[in-house]
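>>> quick one, fold the following:
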Amino acid sequence: MKGGIMKKVLSLVAVGFFGLVLAQAAEKQPGKPQTACPVSGKPINKEVYVDYQGQRVYFCCNACPDKFRKDPEKYFAQFEKEGIELENIQKACPVSGEELGEHGEPSVIHYKGRTVKFCCPACEKPFKAEPEKYLNGMPGEQSKAGKKTT
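Numbering: from 1, shown residues only. Model (predicted):
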């Protein structure tokens, strides 16, 4: 009887471990590239875009960026739901300000439809504690609560 219980426990531990490994692998896999305008659903024109909180968002025409700006979180939620990974325009870590790649391969997390890169894994924790503070310091346009940077 002890052997049977031990086998069941080991089986559960193994299943849990492999589930965790698969979840981590899925988290690190890149999403689909953006091919459709988030406003109209039409194919994107790579000459029409808005850089917003470190992400480049493409549109089909010049009328759509203003609609995006009225409620960007709506569109970021849509990107997240559809598994779309936007083009990231970051050159520096939003937490330390250090250049990406200075310490090797950047650390990456996905947050509310955005791909955010860090100089090292240690910078992820402060970001997760105050994401809006760091998002509003990223390149491109910012939320109305944040300041605009170039």
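>>> spatially central residue for the chain, please.
In the chain, the residue lying closest to the centroid (C-alpha atoms, centre = their mean) is Thr115, at 2.3 Å.
>>> could you look up the SS state of that residue?
Three-state assignment for Thr115 (DSSP: H, G, I helix; E, B strand; the rest coil): strand.
>>> partners of it in the sheet?
Using DSSP bridges, the bridge partners assigned to Thr115 are His110.
>>> mind starting the numbering at 35 from now?
Okay, residue one is now 35; in that scheme the one you just asked about reads as Thr149.
>>> distance from the chain centre to the strand ranked longest in the chain, please.
Criterion DSSP state E: the longest strand present in the chain is strand 79-86. Relative to the centre of its chain, strand 79-86 is centred 17 Å away, using C-alpha atoms, centre = their mean, to the nearest Å.
>>> count the neighbours of the residue nearest to Val150 when sequence neighbours are not counted for me.
Spatial nearest neighbour of Val150, chain neighbours left out: Ile143 (5.5 Å); criterion: C-beta to C-beta, 6 or more residues apart in numbering. For the C-beta atoms, the positions are set from N, CA and C on the backbone; glycine is no exception. Neighbours of Ile143 under the rule other C-beta atoms under 10 Å: 17.
>>> list the contacts of Ile143.
149-150, 152, 158, 161-162 (C-beta atoms under 8 Å, 6 or more residues apart in numbering).
>>> ok, now Lys101?
Val73.
>>> what helix or strand is it located in?
helix 98-104 (DSSP states H and E).
>>> quick check: phi and psi at the nearest residue to Lys151 once chain neighbours are set aside.
Spatially, and ignoring its direct neighbours in sequence, Lys151 is nearest to Pro140 (4.3 Å; C-beta to C-beta, 6+ apart). Main-chain torsions, Pro140, degrees, to the nearest 10: phi -60, psi 150.
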